[in-house]
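**Q** Provided below for reference: sequence and predicted model.
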Amino acid sequence: MKALILSPYYGGIDLEHLRAIGRLVQRGWLQAMINGCALLDHADAALVGIALRQSTFEMALFVEQDIIFEPEEAEALVQTAHDLDAMVGAPCIVKNPRGKLMCSQAEADELRFGPEGTVVPCWALPLGFTAIPIHWLRTVCEYHFPEGPCLADNGGDVWPVFGSLVQTAADGHRELMTQDYSFCKRLDAVGCKRYLDTRRRIVHKGSYPYTIEDACFSVPQIDDFRVRFVAPEQIEAVGVKQLEPLQSAGPVTTTGPSSCGTDSQVSP
């Protein structure tokens, strides 16, 4: 299953990233890119306009410039999105600068990453490495903006489906939903499901480089590992340290065998 690659570029691009793109192009894929635009929501909106004007591909793969991947991972992700007729993303799991563990917003109490991983529903995904059928891009654009696209500086179509949204939380405070999450909310309105494919493996080489290993412990390479979300009232029962709660899941413990043959349990 081939796809149209949608890439917003700004600044330097890693050579490994370009090589992976080149290998996919050799296999019949095509890349559309927006260069020199520091506003990702604008760049992605223009890329959607390009995707909707072409008739060759039925699938799109969003790949941001700081993601390193093997072409086979892209092929598998696109095939899964095609089979499920849904938006499917690769794992985004890492400790942020405040020490919180993030792995998209999966609707699961436990996730397994690696070869024994699976595809799980989630309510929000980042666009770093995400596949989606193009008919859903058309549907979300026509539903939210029936008046048509905006006009880009270069005369192309720009569909503003990535604009930030303000959401009121359960406790009454307002929070700004960034472009990735606001796009998922708009997809939700038209019935497009989202899934996290925890079998896929990518490397982020942005301002904070990370792989799956950085989410829990340092070993040469993790074969697979399990992330268990623990509700605050269960902390004493499972004997983990108090962590900053995740937005939806609460504190986290991580477990999993490493390639060096030892089992570890870590409370970040």
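**A** Sure thing, it's come through. Numbers count the residues shown, from 1 in each chain.
**Q** Where does pLDDT dip in the stretch 1-150 of the chain?
**A** Where the stretch 1-150 of the chain drops to pLDDT under 70, the residues are 92-103.
**Q** ok so residue 72 is a helix residue?
**A** Yes. Under DSSP: H, G, I helix; E, B strand; the rest coil, residue 72 sits within a helix.
**Q** Thought residue 158 was touching residue 150, still the case?
**A** Yes. With contacts defined as Cβ atoms under 8 Å, residue 150 counts as touching residue 158 at a distance of 4.5 Å. Heads up, the C-betas are built off the backbone N, CA and C, glycines and all.
**Q** More neighbours: which of these two?
**A** Of the pair residue 150 and residue 158, residue 158 is the one with more neighbours under other Cβ atoms under 10 Å, namely 21 against 15.
**Q** and for residue 150 and residue 158, which residues touch both?
**A** By Cβ atoms under 8 Å, 6 or more residues apart in numbering, residue 150 and residue 158 have these common neighbours: residue 45.
**Q** What ranges does the stretch 51-200 of the chain have for its strands?
**A** For the stretch 51-200 of the chain, the strands defined by DSSP state E, counting those that start in this stretch cover 59-63, 67-68, 87-89, 93-95, 101-103, 110-113, 119-121, 129-133, 150-151, 157-158, 165-168, 174-177, 194-197.
**Q** helix/strand/coil for residue 6?
**A** Put simply, residue 6 is strand when judged by three-state DSSP.
**Q** Redo the strands of the stretch 51-200 of the chain as CSV? Include distance to residue 29.
**A** Output for the strands of the stretch 51-200 of the chain, formatted as CSV (distance: least, Cβ to Cβ, whole Å):
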stretch, distance to residue 29
strand 59-63, 8
strand 67-68, 15
strand 87-89, 17
strand 93-95, 26
strand 101-103, 28
strand 110-113, 26
strand 119-121, 22
strand 129-133, 12
strand 150-151, 28
strand 157-158, 22
strand 165-168, 32
strand 174-177, 31
strand 194-197, 19
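**Q** just so I know, which of those lies nearest residue 27?
**A** Set against residue 27 and scored by Cβ to Cβ, those come closest in strand 59-63, at 12.6 Å.
**Q** okay, the angle between the closest one and strand 129-133?
**A** For strand 59-63 against strand 129-133, the angle by axes from the mean of the first three to the mean of the last three Cα atoms, to 10 degrees is 160 degrees.
**Q** Tell me which other helices or strands strand 59-63 touches.
**A** Where contact means 3 or more Cβ pairs under 8 Å, 6 or more residues apart in numbering; DSSP states H and E, strand 59-63 is packed against strand 4-9, helix 40-53, helix 71-84, strand 129-133, helix 134-144.
**Q** what about 7 Å?
**A** Applying 3 or more Cβ pairs under 7 Å, 6 or more residues apart in numbering; DSSP states H and E, we find strand 59-63 packed against strand 4-9, helix 71-84, strand 129-133, helix 134-144.
**Q** quick one: it to chain centroid distance?
**A** Put simply, strand 59-63 sits 11 Å off its chain's centre (Cα atoms, centre = their mean, to the nearest Å).
**Q** what does that strand rub up against?
**A** The contact list for strand 59-63 (Cβ atoms under 7 Å, 6 or more residues apart in numbering) reads 1, 3-7, 51, 74, 78, 81-82, 127, 129-134, 137.
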